[in-house]
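1. Sequence and predicted model, in that order:
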Amino acid sequence: MTPEGKVKEAIKKILKAHDAYFTMPIGTGFGSAGVPDFVICHKGVFIGVEAKSGTNKPTALQLEHIDRIRKRGGHAFVVNEDNYGELNELLRGLE
């Protein structure tokens with residue numbers, strides 16, 4: 001499994017532990033480029049999570065989607081090995 005794949009598995013585990021609804025949009029020619037890896041709804045709150053590993057950074061388009069979600073009242077951020085706790089805290093705070 002790739003390093004980013006391990007991050008995604010850890011994110012899934014957190015989401016399942018909180019019984020959050022989530023989907024992982026598949027990047028095809030028919031979808032929107034830059035959409036976060038995880039589209040989540042928990043307790044009526046919209047959350048977008050972009051998974052990265054190590055020092056990998058989101059693209060400009062990914063950052064644009066994160067910004068658009070935030071401007072519309074949702075939560076969106078990048079999760080890597082160093083900050084899983086932020087997602088866990090957000091979900092716990094909604095319960």
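-> Ah, there it is. Computed from a predicted structure; not experimentally measured.
2. Show the residue spans covered by the helices in this protein.
-> 3-17, 60-71, 84-93 (DSSP state H).
3. Please put the alpha-carbon coordinates of the shortest one into CSV.
-> Read it as helix 84-93. Extracted C-alpha coordinates of helix 84-93, given in CSV (Å, rounded to 0.1, in the frame of the first residue of the first chain):
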residue,chain,number,x,y,z
TYR,A,84,-5.4,12.8,12.1
GLY,A,85,-6.4,14.2,15.5
GLU,A,86,-7.9,17.3,13.9
LEU,A,87,-10.5,15.2,12.0
ASN,A,88,-11.2,13.1,15.1
GLU,A,89,-11.7,16.3,17.2
LEU,A,90,-14.0,17.8,14.6
LEU,A,91,-16.2,14.7,14.5
ARG,A,92,-16.2,14.3,18.2
GLY,A,93,-17.2,18.0,18.6
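4. Show the average pLDDT along it.
-> For helix 84-93, mean pLDDT is 92.
5. Just put the helices of the chain in TSV and tack on distance to residue 29 and mean neighbour count.
-> Every C-beta, even on glycine, is put in place using the N, C-alpha and C of the backbone. Shown next, in TSV, are the helices of the chain (distance: least, C-beta to C-beta, whole Å; neighbours: other C-beta atoms under 10 Å):
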stretch	distance to residue 29	mean neighbour count
helix 3-17	22	15
helix 60-71	15	14
helix 84-93	30	15
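6. which one of these lies closest to residue 35?
-> Nearest to residue 35 among these is helix 60-71; the distance by C-beta to C-beta comes to 5.9 Å.
7. Can you give the contact residues for the closest one?
-> 32-36, 46, 48, 50, 58, 75-78 (C-beta atoms under 8 Å, 6 or more residues apart in numbering).
8. what two of these have the greatest distance between them?
-> Farthest apart among those - using C-beta to C-beta - are 33 and 75, which lie 21.2 Å from each other.
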